[in-house]
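K.L.:
Pasting a predicted model and its sequence here:
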Amino acid sequence: MSTKPTTTDLEWTDSDRRAVDTARVLAMDSVQKVGNGHPGTAMSLAPAAYLLFQKVMRHDPADAQWTGRDRFVLSAGHSSLTLYIQLYLAGYGLELDDLESFRTWGSKTPGHPEYGHTVGVETTTGPLGQGVANAVGMAMAARYERGLYDPEAAPGTSPFDHTIWAIAGDGCLQEGISAEASSLAGHQKLGNLVLLWDDNHISIEGDTETAVSEDTLKRYEAYGWHVQRVEQLPNGDLDPAGLYEALQAARAETGRPSFIAARSIIAWPAPHAQNTEAAHGSALGADEVAATKKVLGFDPEKSFDVSAEVLTHTREALDRGREARSEWEKTFAAWRTANPERAATFDRVRAGELPAGWEEKLPAFETGKSVATRAASGKVLQALGEVIPELWGGSADLAGSNNTTIDKTSSFLPAGNPLPEADPYGRTVHYGIREHAMGSTMNGIALHGNTRIYGGTFLVFSDYMRPAVRLAALMRVPVTYVWTHDSIGLGEDGPTHQPVEHLSALRAIPGLNIVRPADANETAIAWREILKRHDKGAPHGLALTRQGVPTYEANDDAARGGYVLFEAEGGAPRVVLIGTGSEVQLAVEARERLQSAGIPTRVVSMPSVEWFEEQDQEYKDSVLPPAVKARVAVEAGIGLTWHRFVGEAGRIVSLEHFGASADGKVLFREFGFTADAVAAAARESLTASAR
């Protein structure tokens with residue numbers, strides 16, 4: 001039987017104890033029924049999760065999208081029942097049937113929490129450590145949001161003040177992304193972030209002594225966090241009173257993020273399964289489930305046994321949530337009255353709308369000039385930054401190369417930072433050399449809502465970001481990646497920095513839109529389209545050149561992903577040349593050679609395969625006429641993307657090996673990226689199509 005603590009700070013009744021033990025029983029039963037899952041952590045963490053949802057967090061189960069709510073992130077996503085059971089008990093819409101259908105087809109309770117699938121789930125967690133970084137991003141977003149709408153308010157008095165709560169396990173803290181994100185959080189002094197570490201000493205391979213021996217609390221102290229440890233009760237269970245005290249102290253600490261270590265025993269109080277690795281990822285077995293129910297005072301013959309008294313007690317969270325939201329709405333109304341202009345901006349941003357006339361600020365670039373698309377992107381950001389205050393972002397220590405500085409005078413840095421441009425509500429984010437954390441914190445920022453975020457690095461380092469990018473696509477969150485130095489054209493840095501397979505590999509991620517503009521004007525159109533697509537909920541990756549490329553006349557059809565840049569002359573096209581990015585100029589030059597030889601040639605610029613595939617068949621056929629079998633695609637990367645566009649008679653001018661260290665122009669010549677090579681491929685395709 002759970003031990004009832006005695007404390008004057010926490011009201012902890014028999015009803016609370018019974019609700020916690022009910023959560024433990026539901027965790028066992030849910031996994032036992034389906035035959036797979038992770039019961040142990042959900043059992044041992046039940047007191048902590050219950051405290052958060054019933055005693056600590058500001059939330060309203062009847063309005064899961066309430067702007068003023070606290071956020072909860074379960075980074076240890078394998079223990080999804082830790083979250084699902086509390087959502088059920090609190091009244092978020094999950095019912096007992098949903099727990100009974102855990103991890104089955106069509107259920108609201110999949111194996112790991114999925115954003116947009118289950119009400120009350122704030123982010124998709126599964127790959128360990130991602131949730132830690134998501135939570136850091138949410139805390140950053142909360143601070144930036146406050147700066148947009150209520151920067152003068154005293155700490156704790158603004159309707160935009162709220163706390164981000166996260167639970168992480170040993171695996172989360174072993175993953176490198178959590179180290180990157182935690183370092184960033186400490187540097188940023190994110191006092192609105194609380195991370196509870198389930199220190200249960202168990203991983204799949206057994207005791208964590210097999211892999212870890214560092215002092216985790218000292219590590220977090222070194223990051224600049226406020227650190228606490230909560231000891232167990234004498235019987236080995238988590239101590240609700242100690243946890244409550246630590247959580248309240250963490251919320252009161254506004255100058256640093258807070259880290260709470262709670263030593264738990266996995267699968268407590270199962271007589272034989274507790275403190276075993278088997279309890280991490282396997283059903284306990286019918287005999288052990290029955291024995292544990294006896295220990296907890298439940299009928300071992302009953303499954304999914306929830307008393308009416310327990311449910312009535314826990315559903316009081318609906319009343320508390322309604323009261324909390326009502327009080328918040330009074331504060332929010334007072335803020336609206338005092339800040340009508342900021343309130344109008346908030347309403348616009350909340351509705352996903354952009355300010356009137358914003359498109360007029362987009363720069364237009366002179367045709368004929370040579371401009372690197374990374375430079376064009378930087379000019380677009382600086383121009384739009386003047387009129388879209390919710391747009392912010394930065395780079396993983398490559399701002400000068402990525403051109404991602406939206407405001408040189410305003411850096412998102414905490415009070416006390418010595419840099420002259422430091423501003424807790426600044427526009428330009430310095431992620432440091434933390435690409436993986438940058439990707440996942442941007443996910444957290446986007447999930448938090450009410451701002452628009454971007455982040456940059458070299459395209460080759462998208463490899464470091466890929467797990468977060470995949471999750472952004474899975475969740476359909478509108479983050480924008482500014483990936484520059486997009487080909488061997490970057491030159492002397494050599495093959496370690498020259499992306500070859502990256503464009504095709506990124507295009508392979510479902511739901512991710514890759515945009516590789518041919519010139520400065522396409523870059524401006526690409527940014528315009530990305531901003532317009534914000535509410536469609538999809539991440540975008542801009543692949544931009546280091547080197548200058550010719551500027552062509554702007555064509556709004558670039559927003560359709562592919563369009564006719566130059567039409568054939570002297571009749572219908574006999575061959576179509578398809579290019580992206582810096583290789584479009586090669587297609588244009590090759591067209592001139594082919595036209596001179598009497599071969600009517602069309603050039604198609606295709607900045608985004610994904611956008612093009614969205615178009616109706618009539619439009620796609622108008623750009624790539626089915627009757628024209630002679631086609632050439634040219635891109636300075638592997639050719640995997642292009643086979644479906646060129647067909648059997650088509651040819652692809654691509655790079656099927658790594659690069660080298662030399663001037664970019666030399667590499668293009670030596671590796672066959674020339675107008676002559678494209679023209680020769682066109683002639684081969686013409687011959688093949690005539691057979």
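P.N.:
Received the coordinates, thanks.
K.L.:
CA only for contacts and neighbour counts going forward, please
P.N.:
Noted.
K.L.:
Residue 34: what's it in contact with?
P.N.:
Neighbouring residues of residue 34 by C-alpha atoms under 8 Å, 6 or more residues apart in numbering: 101-104.
K.L.:
Oh, that last question was meant for residue 127, not what I typed.
P.N.:
By C-alpha under 8 Å, 6+ apart, the residues touching residue 127 are residue 77.
K.L.:
Would you double-check that it falls in a strand?
P.N.:
No - counting by DSSP: H, G, I helix; E, B strand; the rest coil, one finds residue 127 to be coil, located in no strand.
K.L.:
any idea of the mean pLDDT for the longest helix seen in the chain?
P.N.:
Secondary structure of the chain per DSSP state H: the longest helix is helix 316-338. If you average the pLDDT over helix 316-338, you get 98.
K.L.:
Show me the contact partners of it.
P.N.:
Residues outside helix 316-338 that contact it (C-alpha under 8 Å, 6+ apart) are 53-54, 58-62, 66, 68, 90-91, 158-159, 342-343.
K.L.:
before we move on, back to that, what subset of the contacts of residue 34 is buried?
P.N.:
Buried subset of the contacts of residue 34 (neighbour count, 16 or more other C-alpha atoms under 10 Å): 101-103.
K.L.:
now these as JSON lines including secondary structure and pLDDT?
P.N.:
As requested, the buried ones among the contacts of residue 34 are exported to JSON lines (DSSP: H, G, I helix; E, B strand; the rest coil; pLDDT from 0 to 100):
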{"residue": "101", "secondary structure": "coil", "pLDDT": "98"}
{"residue": "102", "secondary structure": "coil", "pLDDT": "98"}
{"residue": "103", "secondary structure": "coil", "pLDDT": "98"}
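K.L.:
Keeping just the C-alphas, turn the helix or strand following the longest helix of the chain into CSV.
P.N.:
Toward the C-terminus, helix 316-338 is succeeded by helix 340-350 as the next helix or strand (DSSP states H and E). What follows is helix 340-350 as a C-alpha-only set of coordinates in CSV (Å, rounded to 0.1, in the frame of the first residue of the first chain):
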residue,chain,number,x,y,z
PRO,A,340,-4.7,47.5,-27.7
GLU,A,341,-2.0,47.5,-30.4
ARG,A,342,-0.2,44.5,-29.0
ALA,A,343,-3.6,42.7,-28.6
ALA,A,344,-4.3,43.3,-32.3
THR,A,345,-0.9,41.8,-33.1
PHE,A,346,-1.6,38.8,-30.8
ASP,A,347,-4.9,38.2,-32.5
ARG,A,348,-3.4,38.4,-35.9
VAL,A,349,-0.5,36.0,-35.1
ARG,A,350,-2.9,33.6,-33.2
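K.L.:
tell me which element the residue positioned nearest the centre of the chain falls in.
P.N.:
Centroid check for the chain by C-alpha atoms, centre = their mean gives residue 443 as the closest residue, at 2.3 Å. Assigned by DSSP H and E, residue 443 belongs to helix 435-448.
K.L.:
end-to-end on stretch 493-503?
P.N.:
End-to-end distance for stretch 493-503, by C-alpha to C-alpha, to the nearest Å: 19 Å.
K.L.:
List only those of the contacts of helix 316-338 flagged as buried.
P.N.:
Buried among the contacts of helix 316-338 (16+ other C-alpha under 10 Å): 53-54, 58-62, 68, 90-91, 158-159, 343.
K.L.:
So which of those belong to helices?
P.N.:
90, 343.
K.L.:
Not counting its neighbours along the chain, what's nearest residue 301?
P.N.:
For residue 301, ignoring the flanking residues on the chain, the nearest one in space by C-alpha to C-alpha, 6 or more residues apart in numbering is residue 290 at 7.4 Å.
K.L.:
rewinding a little: which one of the buried ones among the contacts of residue 34 sits closest to residue 184?
P.N.:
Nearest to residue 184 among these, counting by C-alpha to C-alpha, is residue 103 at 34.5 Å.
K.L.:
Is it correct that the closest one is in contact with residue 109?
P.N.:
Yes - at 6.0 Å, residue 103 counts as touching residue 109 under the criterion of C-alpha atoms under 8 Å.
K.L.:
from the buried ones among the contacts of residue 34, which single one is nearest residue 401?
P.N.:
Using C-alpha to C-alpha, residue 103 is the member of the buried ones among the contacts of residue 34 that sits closest to residue 401, with 45.4 Å.
K.L.:
Could you pull up the residues touching that closest one?
P.N.:
By C-alpha under 8 Å, 6+ apart, the contact list for residue 103 reads 34, 37, 109-111.
K.L.:
Could you do residue 194 as well?
P.N.:
The contact partners of residue 194, by C-alpha under 8 Å, 6+ apart, come to 163-166, 247, 250-251, 257-260.
K.L.:
Quick one: distance of whichever strand or helix holds residue 288 to the chain centre.
P.N.:
Assigning secondary structure by DSSP H and E places residue 288 in helix 286-296. In terms of C-alpha atoms, centre = their mean, to the nearest Å, the centre of helix 286-296 is found 40 Å from the chain centre.
K.L.:
CA atoms of that helix as CSV?
P.N.:
Output of helix 286-296 as CSV, limited to C-alpha atoms (Å, rounded to 0.1, in the frame of the first residue of the first chain):
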residue,chain,number,x,y,z
ALA,A,286,-0.6,-12.4,-15.2
ASP,A,287,0.8,-13.7,-12.0
GLU,A,288,2.9,-10.7,-11.2
VAL,A,289,0.1,-8.3,-12.1
ALA,A,290,-2.2,-10.2,-9.7
ALA,A,291,0.4,-10.1,-7.0
THR,A,292,0.9,-6.4,-7.4
LYS,A,293,-2.8,-5.7,-7.2
LYS,A,294,-2.9,-7.6,-3.9
VAL,A,295,-0.1,-5.4,-2.6
LEU,A,296,-2.0,-2.3,-3.7
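K.L.:
List the contacts of it.
P.N.:
Residues from elsewhere that reach helix 286-296 (C-alpha under 8 Å, 6+ apart): 1-2, 21, 25, 28-29, 32, 269-273, 299-301.
K.L.:
for this structure, what are the low-confidence residue spans?
P.N.:
In the predicted model of the chain, residues 1-8 satisfy pLDDT under 70.
K.L.:
Of the contacts of residue 103, just say which sits nearest to residue 242.
P.N.:
Closest to residue 242, out of all of the contacts of residue 103 and judged by C-alpha to C-alpha, is residue 37, at 29.2 Å.
K.L.:
what about that closest one, how many neighbours?
P.N.:
Residue 37 has 26 neighbouring residues, counting by other C-alpha atoms under 10 Å.
K.L.:
Make sure I have this right: it is in a strand.
P.N.:
No - applying three-state DSSP, one finds residue 37 to be coil, outside a strand.
K.L.:
Residue 111 is in contact with that one, correct?
P.N.:
Yes - if you go by C-alpha under 8 Å, residue 37 and residue 111 touch, sitting 7.2 Å apart.
K.L.:
Please enumerate the shared neighbours of these two.
P.N.:
Counting by C-alpha under 8 Å, 6+ apart, the common neighbours of residue 37 and residue 111 are 78, 103.
K.L.:
any idea where the strands of the stretch 101-250 of the chain begin and end?
P.N.:
According to DSSP state E, counting those that start in this stretch, the stretch 101-250 of the chain carries its strands in the segments 164-169, 193-199, 202-203, 206-207, 226-230.
K.L.:
Switch those over to CSV; also include distance to residue 455.
P.N.:
Converted to CSV, these look like this (distance: least, C-alpha to C-alpha, whole Å):
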stretch, distance to residue 455
strand 164-169, 22
strand 193-199, 22
strand 202-203, 34
strand 206-207, 38
strand 226-230, 28
